[in-house]
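Undergrad: Predicted structure and sequence below. I'll ask about it afterward.
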Amino acid sequence: MKILVCISKTPDTTSKIAFKDNSTKFEENGVQWIINPYDEWYALVRAIELKEKDASIVIHLITVGGADIEPIIRKALALGGDEAIRVNTTGDDSFYIAAQIAEVAKQGGYNLIFTGKETIDYNSSSVGGIVAGLLDVPFVSLATKFDLAGSTATITREIDGGEETAEVQLPVVVSCAKGVAEQRIPNMRGIMGARTKPLKVVEPAAIEPLTHINSYGLPPAKAGVKLVAADNVAELVRLLHEEAKAI
Amino acid sequence: MSVLILIDHAEGQIKKASFEVLSYGAAVAQQLGTNAEGLLLGTVQDDLPALGKYGITKLNQVSNEALNAVDALVYAKAIAEAVTLTGATVLVLSHNQTGKAVAAITAAKLTAGLVAGAVDLPDTTNGFVVKKAVFSGKAFANVAITSAIKIISLNPNSYKTMAGEGIAGVSQLNITVAAAAIKVTSVNRVKGEVPLTEAEIVVSGGRGLKGPENWGMVEDLAHVLHAATACSRPVADSGWRPHHEHVGQTGVQVAPNLYIAIGISGAIQHLAGVNRSKHIVVINKDPEAPFFKAADYGIVGDAFDVVPKLTEEIKKLKNS
Ligand SMILES: Cc1cc2nc3c(=O)[nH]c(=O)nc-3n(C[C@H](O)[C@H](O)[C@H](O)COP(=O)(O)OP(=O)(O)OC[C@H]3O[C@@H](n4cnc5c(N)ncnc54)[C@H](O)[C@@H]3O)c2cc1C
């Protein structure tokens, strides 16, 4: 049994979001990078939990990025996983990134591919689905529970206004959301061990991106809060009704 | 060269998000000087020709009941085939949970550029550029789609539903639907509540409410407003509220018309999930709470005192 876990880096959740070069590039100066929380807390940890129950499981991590992403992938390896693959390219088009992952996956013979439900920077929720589409294997989005018995996965996923549970035969691509696993903190042994785990670098396949980001912008600043006295709740209701027309 | 719009449904009913994408897709078609058509996979009880009032001239239906359950791969393949059969060059769908399941696979099948989470109409003056929310609502990006077929998934509550006059002609599409590989064993929809991502109004509670036993007043307020309830992350983590109510950078991102935050400090990760809300009301006893900086209206006061009064005042308004 082989599991591939997709790992992306994102700015720390407290990072100031700013842009440079005429708002065409993200200002990386002073930004702390972390493993995308959904990839780490849920996708990776669930794979590790599965391996703890069945030691024959092999976990590969994959990331698409330049050499600067290696500290992030080492951090992920400190949590667990047997080896990592870095596809040596960068991009902001989901199709381009996902197609690179699919190329590697085609050769790896993976039974299970995990992604986080989305990255907290681009929020597209797209890489997993594109990988599944390119490999033509079933895709389960927004999983909140994942169990495995032999080659049957039982997965609970978010649907609009609730959840649904389903069974599917491997191979399958799953995007992992909260609930799939419990967040962990790497221990010293893990951190030391991660240094010697193999990190293979592969060159990208020739793939045409289908989108590109022209520019960025920030939402307009709020005009400022209108405070209403706590003993005058009726005034708040009036404002919401007459001014905001929200109720 | 038409615009094809996916009409999402569940339990025999078209979802509210579908009316938004219909209106949006019709506007895109008008901008491009072409027709807007609907695509319905499966069967619903709604009056289909009446969907013409949202601006579509034609509704393509694949009335195969197997498509009433969403096996993402099977469903996306059917969408891709429908795009090919109708000759559409733009596909529009909602970035709701169904959209998150199927849009990306469809993009792979059609080698189509996808902008997921669009918040505005495309700019077609020079190419095809779509504005989308990024950094969990802290910023937006203008994304150019360069492929021949383009896919846009629209963030819920980002485009106003617009209904006019019109009748759509319904025609059946002949598509062979593959057998589902995913066998659904149970479906659990929260009944009688407004789904969080579709809600016009959201009432949200934080750690300031002290414990799950105090949520009665939050639910009362939500009830009079027909609002959905939400919460901050520590509230969900402590098990005071279910996980699906957790909003923020690592939870659900919402953009209702009105977001009422009660006893929530307004940490940057919380704001990331809610700051696209049109109007924000903050009730917090600490005048220094960071949330006031992101708010439109605020009351500095004790939630246990303010919230029941607010519910009463709204009841008065509704009865007047
Ligand atoms: C990587 C990461 C991701 C995160 N993601 C999220 C996320 O997605 N969503 C999220 O919400 N958080 C997230 N957090 C946590 C976030 O940083 C805050 O800790 C959290 O939002 C605080 O929740 P709170 O406002 O309910 O509680 P607190 O910060 O404890 O605030 C409670 C507030 O209630 C007020 N209060 C107390 N009593 C009363 C009263 N009687 N009446 C009125 N007001 C009262 C207090 O003044 C205070 O402002 C994340 C953190 C990290 C590190």
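TA: Right, received. Where do you want to start?
Undergrad: Enumerate every residue touching A:Lys145.
TA: By C-beta atoms under 8 Å, 6 or more residues apart in numbering or on different chains, A:Lys145 lies in contact with A:Thr154, A:Ile155, A:Thr156, A:Thr165, A:Gly179, A:Val180. C-beta here means a position set from N, CA and C on the backbone, and glycine is covered the same way.
Undergrad: Excluding residues flanking it in the chain, which one is nearest the last one?
TA: Nearest in space to A:Val180, with sequence neighbours left out and distances taken as C-beta to C-beta, 6 or more residues apart in numbering or on different chains, is A:Tyr42 at 4.4 Å.
Undergrad: swap in the third one?
TA: Of all residues beyond its chain neighbours, the one nearest A:Thr156 is A:Lys145 (3.9 Å), with distances taken as C-beta to C-beta, 6+ apart.
Undergrad: try A:Ile48
TA: Nearest to A:Ile48 is A:Gly80, by C-beta to C-beta, 6+ apart, at 3.7 Å.
Undergrad: Identify the bridge partners of A:Ala149.
TA: Beta bridges link A:Ala149 to A:Thr152 when assigned by DSSP bridges.
Undergrad: How confident was the prediction at it?
TA: Note on A:Ala149: pLDDT of 96.
Undergrad: same thing with A:Ala221?
TA: pLDDT, read off for A:Ala221, is 82.
Undergrad: do you know how far B:Lys16 is from chain A?
TA: 10 Å (C-beta to the nearest C-beta, to the nearest Å).
Undergrad: is it fair to say the residue nearest to A:Thr156 lies in a strand?
TA: Yes: counting by DSSP: H, G, I helix; E, B strand; the rest coil, A:Lys145 is located in a strand.
Undergrad: how far away is it from A:Ala181?
TA: 10 Å (C-beta to C-beta, to the nearest Å).
Undergrad: ditto for B:Arg241
TA: Using C-beta to C-beta, B:Arg241 is found at 20 Å from A:Ala181.
Undergrad: One more: A:Ala143?
TA: Distance of A:Ala143 to A:Ala181, computed by C-beta to C-beta: 10 Å.
Undergrad: more crowded one of these two?
TA: Neighbour count, other C-beta atoms under 10 Å in any protein chain shown: between A:Ala143 and A:Ala181, A:Ala143 has more, with 27 against 20.
Undergrad: burial of the closest residue to B:Gly127 other than its chain neighbours, as a residue count?
TA: Sequence neighbours aside, B:Ala144 is the residue nearest to B:Gly127 in space, at 5.2 Å (criterion: C-beta to C-beta, 6+ apart). Look at B:Ala144: counted by other C-beta under 10 Å, it has 19 neighbours.
Undergrad: show me the contacts for B:Ala144.
TA: A:Thr211, A:His212, A:Ile213, A:Asn214, B:Gly127, B:Phe128, B:Val129.
Undergrad: Nearest to B:Asp71, out of these: which one, please.
TA: Checking those against B:Asp71 by C-beta to C-beta gives A:Thr211 as the nearest, at 26.6 Å.
Undergrad: Which residue, other than its chain neighbours, is closest to the closest one?
TA: B:Gly113 is the one closest to A:Thr211 (C-beta to C-beta, 6+ apart), at 4.2 Å.
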